[in-house]
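[1] After the sequence you'll find the predicted model.
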Amino acid sequence: MKKLLFLLFTLPTFVFATEIDLKKSTFKWTGTKVTGSHYGMVSLKSATMDEKDGHINSGVFVMDMNSMTCTDLTGEWMDKLIGHLKNDDFFGIDKHPTATLKIKHGMMGKLDGELTIKGVTRPVSMKYSQKGKTYTGTLSFDRTKFGIKYGSGNFFKGLGDKMINDEVTVDFTVVTK
């Protein structure tokens, strides 16, 4: 009887896994340079999230880097950019086909975790909001902290209008089922 009462009183404090709708969830990346910006999408390969009362407590989001698209260019220029982003100058997708965001701790509207790109893991923090079954927010990171130094003015001098900014942003929309 004591065990049954214990379970009844502790059950409301458990955090439950929430199923993610991989097709409706979006991750839009934006990279900027002196002469403008490029942006596109990357799809989720898998995702798990634990939440309670609309607050994210933890989760793991695995991005399929092979799914990366560029939505501001078309044709040959888009193909060239995506090919370059997928090679070793940037994400090295042959060796690192996924990137992972692991949420370690969540508070109301703020998440702390780890981002892994090219086998390098760094701490990240981001704000988010929730409306119904949808969570939205923006993750920003310094690409050079993950070994992506191509075109960085902090590592190469005299780049002029070829310089690429180090900060990358990812606007995310995570939809639960």
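    Nice, I can see it. Residues are numbered from 1 along each chain as shown.

[2] residue boundaries of the helices in this protein?
    2-10, 75-86 (DSSP state H).

[3] Out of those helices, name the one with the poorest average pLDDT.
    Within the helices of the chain, confidence is poorest for helix 2-10, with a mean of 43 (mean pLDDT).

[4] average pLDDT for the top strand by length along the chain?
    In the chain, with assignment by DSSP state E, the single longest strand is strand 36-52. For strand 36-52, the mean per-residue pLDDT is 95.

[5] partners of it, with directions?
    Strand 36-52 has its sheet partners listed here by DSSP bridges as strand 16-18 (antiparallel), strand 26-33 (antiparallel), strand 55-64 (antiparallel).

[6] residue contacts, the nearest residue to residue 106 once chain neighbours are set aside?
    Distance criterion Cβ to Cβ, 6 or more residues apart in numbering; nearest residue to residue 106, sequence neighbours excluded, is residue 56 at 4.2 Å. From N, CA and C alone the C-beta is placed, and that goes for glycine too. Residue 56 makes contact with 49-50, 103, 106, 111, 128, 130, 135, according to Cβ atoms under 8 Å, 6 or more residues apart in numbering.

[7] what's the answer for residue 130, then?
    Applying Cβ under 8 Å, 6+ apart, the residues near residue 130 are 54-56, 136.

[8] Most neighbours among the residues you listed, which one?
    When neighbours are taken as other Cβ atoms under 10 Å, the top entry among those is residue 56 (25 neighbours).
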